[in-house]
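Q: would you be able to build a 3D model of this:
(2 chains)
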There are 2 protein chains.
Amino acid sequence: MFLLKHSRLVSRTLSVQLIQPSYFRIQMSTVSTTNPKFQKIFKKVDELKPDFIQVLAEAVEIPAVSADESLRPMVIKKAHFLVDKLKQLGFEDIQLKELGVQPPPVNDPKLQLPPVVLSRYGNDPSKKTVLVYGHYDVQPASIEDGWDSEPFKLVVDEEKQLLKARGSTDDTGPLTGWLHVVRAHQEAGIELPVNLLTCFEGMEESGSLGLEKLIGQEADKYFKDVDAVCISDNYWLGTKKPVLTYGLRGCNYYQVTINGPGADLHSGIFGGVIAEPMVDLVQVLSSLVDSKGKILIKGIDEMVAPVTEKEMKLYEDIDFSLEELEEASGSKTALYEKKEDILMHRWRFPSLSVHGVEGAFSSQGAKTVIPAKVSGKFSIRTVPDMDSAKLTKLVIDHCNSVFEKLGSPNTIHAELIHDGNYWVSDPFNAQFTAAAKATKEVYGVDPDFTREGGSIPITLTFEEQLKTSVLLLPMGRGDDGAHSINEKLDISNFIGGIKTMVAYLHYYAESPEN
Amino acid sequence: MFLLKHSRLVSRTLSVQLIQPSYFRIQMSTVSTTNPKFQKIFKKVDELKPDFIQVLAEAVEIPAVSADESLRPMVIKKAHFLVDKLKQLGFEDIQLKELGVQPPPVNDPKLQLPPVVLSRYGNDPSKKTVLVYGHYDVQPASIEDGWDSEPFKLVVDEEKQLLKARGSTDDTGPLTGWLHVVRAHQEAGIELPVNLLTCFEGMEESGSLGLEKLIGQEADKYFKDVDAVCISDNYWLGTKKPVLTYGLRGCNYYQVTINGPGADLHSGIFGGVIAEPMVDLVQVLSSLVDSKGKILIKGIDEMVAPVTEKEMKLYEDIDFSLEELEEASGSKTALYEKKEDILMHRWRFPSLSVHGVEGAFSSQGAKTVIPAKVSGKFSIRTVPDMDSAKLTKLVIDHCNSVFEKLGSPNTIHAELIHDGNYWVSDPFNAQFTAAAKATKEVYGVDPDFTREGGSIPITLTFEEQLKTSVLLLPMGRGDDGAHSINEKLDISNFIGGIKTMVAYLHYYAESPEN
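A: Reported below is the predicted structural model:
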């Protein structure tokens, strides 16, 4: 945490200087299109690569960690950074939408949510209007977690041809990609074929608090002409083949708190005579899921939609293997060997992960403390046809029931911290067709149509509130390490992703349907 | 952690200024002796109270947290602070004994252990020589843990008549007490009745690494004339009656590490398809002890010495109650109701505490991470006749056996981080008799003879290596909150403790035996 804070003090100039020399040594990627329609603008994207990397370097240097209350000013600073960039590009009607105070649990009851950045480029009624969504907040990161370099300073790795920093792939790289799409059109002298709206939020990594309400409020106002929504906040399945994504798991995040003594106690003086909250907590946490990944909370399996024969066939064609999973995870610790089992457990079955414990001793070394109050954190990835409220009741009842059987004098409080529903779309609609053609244009192959294990809860909100289709158009690869150490984005994916965004807008603009 | 580090930057002047105005409003405690022998020096102790508090304020301001590698320079700074004070008082042959590099597990393989401060006051062969031990390192503390005030700044609470800061009672208050004993003699014009040696270490809260070896090396050198060792690093049993302590539990501290993927992973992408180290860890931790405090590792109970009839009787007389335990713990979460059960489970039965997890998510909020490598921390308080090596074998075998049954592809490594043996002494020897008379002199009551649940592993080392008796002479009370938030030392205990030290040295000097 210290390094996070310290990084605020590092001058922007310094890190830019560190990066600049390498710009000119990066080998330029090829234009990679045979279609004369895109040759000029793809060439421009290639030429502008050093500028695009420079913007990314400036953006990731702001430690916009939404989960860390003390870094909230940095999240807000990054919103203003984006506003400046949008202004420079000629975006209009730029609005910083305030979302009010963050609801509990928070340390600071007056903590303001970061604003949503709305803006518009073009207002031609004869054109389709595409709303692009991205998030400018990032996951926590500290060099002490094991990063090879300062996480909030962009490293351009020339040998591996990749860009390394927290936010490089999730989601600052893809988000700024949309700005580069506009710049490339301007510099190539080509008109943007659609009206482009932006919706950039700063709370995605912490449950998109406040965004759902805002989308509802703006559905008939700022967003009234939106024909399609495109979200670039996910990844290729593997490392070689581009994908388009038509389904997401949801995520219900829970916290189970055990309260015991009035303050942390010395285990020598109180060990053996006081009921320890941490002892109760590990009993509760150990009752949730087994080491094979089987969820032990009763009633969850029954909510999952059965697998059909037709669905089974879909998985057979997808380019993926156990080896790719092992490479991405950096280990041979997979729970399944068959491709189909892996993909189905990632995409269409629920999973339960135990993330950690707040309030217990968490540093290196040996502290002989009995923590007074500990909160276990776990989440369940949800799939059709799980009902969030029903699931939460099952989870809380389960925790309370396990705790009751312990006969502990401590107290328990199990709660849902946030939830986001799963989403499944039609992969053959106008948007997906346009994106598939764009992908083929840039990468020379048809994309795989995949689902995702991760959650972008707002996908469903856009679909329901704006009554439009939503496309998930990934920029990065499966091994980018989003939420992990040494998060990266391959330079070829950064540039290829921007070109794909360009081509998608043109193909979608030409599409006879919405 | 940020505040810990920040506190380095706070000027000493500021905090001293904050404290000074209250010195002169503190009601002076009474001299509380009818013995003309001590009237003059006890009066001097009372008069010097503002100075004594000032020294404590300066000392606790140095965040000498031995468990935090990044704060090691602060631990060393505190050693030099003590050297300065010893010099001012005229101590001689002051030596900073270096203990070499800290053994693994450490982040920095070159991390130096803090030095041991040896010094001598008086070298008269006709006098007895008393070695006093204390530790200048402290437990970790951060205002974010819930402290009412900055933990590394002394707060003088006039209303409650107490001194609040990390280290106030454990062990900076008692340690500096010995310096005040010398100062009071000097200012009262009374000769110190013994030769006084100091042995102040900086790693007690992290296993006293290196000290055992040093004591062995110095047994026939610096410590060759030592007749008795006095350690002031424990507490009264309750809050009202002074005690002398003749027994301690030992402490074996364990770490069980589960290693899985090559880096932290996103639970959306990998949840359900990768074996999670945190899931395995909570299974292992939940197998160690139940919520009633019963240790579940087989073979431990059989090592504990059986309770005798005579021993049972001892517990009946001691002034203690369930209510005192509840008050000290700030809760009604005791595992036993009867006084005897509480005391025996604190003093003469083993206990197992789960302290926390290193490597997992530990902050507020919701991070959807699958931690790659997690280390559970737990310790067992040991009692006669448990054998440390045999215990460690039982613990490690147990962890490995539980893990093996999980069928996880992850790997486990269970290890002993440090151990310190239990200790039991003769409460009727010359030292204890002198200390009992001193206590009666100051507090007007006979002390209870008690054991302690906590561990001061070095007690046994002194006894064995120097072939002397060791006395545990507590200064603070049972509710001081050592290792907890808002650690405090009552002003009456600070001053009463210094007077008790004074009287103990005089009575012991007069004692016919060693």
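Q: where in chain A is pLDDT low?
A: Residues of chain A meeting the criterion pLDDT under 70: A:1-34, A:514.
Q: that one - how does it break down into domains?
A: Chain A breaks down into these domains under automatic domain parsing: A:2-248+A:423-510, A:250-305+A:348-420.
Q: export those to a markdown table and append columns for distance to chain B and mean neighbour count.
A: Where you see a C-beta, it was placed from the backbone N, CA and C, and this is true even at glycine. Compiled in a markdown table, those are given as follows (distance: least, Cβ to the nearest Cβ, whole Å; neighbours: other Cβ atoms under 10 Å in any protein chain shown):
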| stretch | distance to chain B | mean neighbour count |
| --- | --- | --- |
| domain A:2-248+A:423-510 | 3 | 20 |
| domain A:250-305+A:348-420 | 2 | 22 |
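Q: nearest spatial neighbour of A:Arg348, skipping sequence neighbours?
A: Once flanking residues are discounted, A:Arg348 sits nearest to A:Val383: 5.3 Å by Cβ to Cβ, 6 or more residues apart in numbering or on different chains.
Q: contacts only, for whichever residue of the stretch 301-450 of chain A sits closest to chain B.
A: Nearest residue of the stretch 301-450 of chain A to chain B (Cβ to the nearest Cβ) works out as A:Gly330 at 2.0 Å. With contact set as Cβ atoms under 8 Å, 6 or more residues apart in numbering or on different chains, A:Gly330 has these partners: B:261-263, B:372.
Q: which ones, among the residues you listed, also lie beside chain A?
A: Filtering the contacts of A:Gly330 for neighbours of chain A using Cβ under 8 Å from any Cβ of the partner chain leaves B:261-263, B:372.
Q: surely A:Trp236 meets A:Val243?
A: Yes - judged on Cβ atoms under 8 Å, A:Trp236 makes contact with A:Val243 at a distance of 5.2 Å.
Q: need the residues touching each of these two.
A: Common contact partners of A:Trp236 and A:Val243 (Cβ under 8 Å, 6+ apart): A:Pro474.
Q: my read: A:Gly407 touches B:Asp290, true?
A: No - at 9.0 Å, A:Gly407 does not count as touching B:Asp290 under the criterion of Cβ under 8 Å.
Q: any idea how far the strand or helix carrying A:Tyr246 is from the chain center?
A: If you go by DSSP states H and E, A:Tyr246 is part of strand A:243-248. Mean C-alpha position of strand A:243-248 versus that of the full chain (Cα atoms, centre = their mean, to the nearest Å) differs by 14 Å.
Q: and for stretch A:183-203?
A: On Cα atoms, centre = their mean, the centre of stretch A:183-203 falls 21 Å from that of its chain.
Q: that older thread, packing partners of the strand holding A:Tyr246?
A: strand A:423-424, helix A:430-443, strand A:448-452, strand A:469-472 (3 or more Cβ pairs under 8 Å, 6 or more residues apart in numbering or on different chains; DSSP states H and E).
Q: could you rerun that using 6 Å?
A: In terms of contacts (3 or more Cβ pairs under 6 Å, 6 or more residues apart in numbering or on different chains; DSSP states H and E), strand A:243-248 is packed against strand A:448-452.
Q: and the angle from the strand it packs on to helix A:430-443?
A: With axes from the mean of the first three to the mean of the last three Cα atoms, to 10 degrees applied, the angle from strand A:448-452 to helix A:430-443 works out at 120 degrees.
Q: from the contact counts, what lies against strand A:448-452?
A: strand A:243-248.
Q: can you rerun that using 10 Å?
A: strand A:243-248, helix A:309-317, helix A:339-347, strand A:423-424, helix A:430-443, strand A:469-472 (3 or more Cβ pairs under 10 Å, 6 or more residues apart in numbering or on different chains; DSSP states H and E).
Q: and the next element down the chain from it?
A: Sequence-wise, the next helix or strand downstream of strand A:448-452 (DSSP H and E) is helix A:458-466.
Q: just the CA atoms of that following helix, as CSV, please.
A: What follows is helix A:458-466, C-alpha atoms only, in CSV (Å, rounded to 0.1, in the frame of the first residue of the first chain):
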residue,chain,number,x,y,z
ILE,A,458,-23.5,-3.7,-16.6
THR,A,459,-23.8,-5.6,-19.9
LEU,A,460,-27.3,-6.8,-18.9
THR,A,461,-28.3,-3.4,-17.7
PHE,A,462,-27.4,-1.8,-21.0
GLU,A,463,-29.3,-4.5,-22.9
GLU,A,464,-32.4,-4.1,-20.7
GLN,A,465,-32.5,-0.4,-20.2
LEU,A,466,-31.5,0.8,-23.7
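Q: quick one, that helix and strand A:448-452 angle?
A: 100 degrees.
Q: picking up where we left off before, what's the overlap in contacts for A:Gly407 and B:Asp290?
A: The contact sets of A:Gly407 and B:Asp290 overlap at A:Asp280 (Cβ atoms under 10 Å, 6 or more residues apart in numbering or on different chains).
Q: list the buried residues in stretch A:335-347.
A: Residues A:335-336, A:339-347 are the ones in stretch A:335-347 that count as buried (16 or more other Cβ atoms under 10 Å in any protein chain shown).
Q: just name the closest of these to B:Leu209, please.
A: Of all the buried residues of stretch A:335-347, B:Leu209 sits closest to A:Leu335, with 40.3 Å by Cβ to Cβ.
Q: pretty sure the closest one is touching A:Met344, no?
A: No - the criterion here is Cβ atoms under 10 Å, and A:Leu335 misses it with A:Met344 at 11.7 Å.
Q: quick one on the thing from earlier: go through the helices and strands packed on strand A:448-452 and name the closest to A:Ile62.
A: strand A:469-472 (25.6 Å).
Q: helices and strands around that closest one, which ones?
A: Using 3+ Cβ pairs under 10 Å, 6+ apart, strand A:469-472 sits against strand A:129-135, strand A:228-231, strand A:243-248, helix A:430-443, strand A:448-452, helix A:458-466.
Q: at 6 Å instead, please
A: Packing partners of strand A:469-472 (3+ Cβ pairs under 6 Å, 6+ apart): strand A:228-231, helix A:430-443, helix A:458-466.
Q: ok, now which ones touch A:Ile274?
A: If you count contacts by Cβ atoms under 6 Å, 6 or more residues apart in numbering or on different chains, A:Ile274 has them with A:261, B:329, B:333.
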